[in-house]
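[1] Can you look at this prediction? I've put the sequence above it.
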Amino acid sequence: MESRAILKFARISPRKVKIVMDLIRNEDADKAMAILKFTPKSACEYLEKLLASAIANAENKEMDVSRLYVAECFVCPGPTLKRIRAKDHGRAHRILKRTSHMTIVLKEREI
């Protein structure tokens, strides 16, 4: 049995999120939460809420919370917001504001 939580259209680049997801992959849920709490990256704020949601989903499915671990976590790019910044001599440059779709899957560890 598994528990899953998905966050879509987060206003952060997938490249930044992937760095933090690599830290918590295959870790116990409580250890992953501690890693997210004390890592100084902007993606940790999103992932901490997402992991808490996945743990709450596991409790609703009556899974043993003490045996949960992060089985899968991945990020996919969402739609990119295209903006324009004024440059010198009347030119304009494109600014790409990237978004992310994040997924965390928790499973119970076999004893």
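    Looks like it arrived, so ask away. None of the values given here were measured: they were computed from a predicted structure.
[2] mind listing the strands in the chain by residue range?
    2-10, 68-77, 81-86, 92-97, 100-108 (DSSP state E).
[3] For the second one, what is the distance to the chain centroid?
    For strand 68-77, the distance between its averaged C-alpha position and the chain's averaged C-alpha position is 8 Å (Cα atoms, centre = their mean, to the nearest Å).
[4] Quick one: residues in contact with that strand.
    2-3, 14, 17-18, 21, 24-29, 32, 51, 55, 58, 98-109 (Cβ atoms under 8 Å, 6 or more residues apart in numbering). Yep, even glycine has a C-beta here, placed from its N, CA and C like the rest.
[5] Ok, which of the strands of the chain comes nearest residue 42?
    Evaluated over the strands of the chain, closeness to residue 42 peaks at strand 2-10, with 10.5 Å, by Cβ to Cβ.
[6] Only the buried residues of the closest one, if you could.
    3, 5, 7, 10 (16 or more other Cβ atoms under 10 Å).
[7] got TSV for those residues, with pLDDT too?
    Shown next, in TSV, are those (pLDDT from 0 to 100):
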residue	pLDDT
3	94
5	96
7	97
10	97
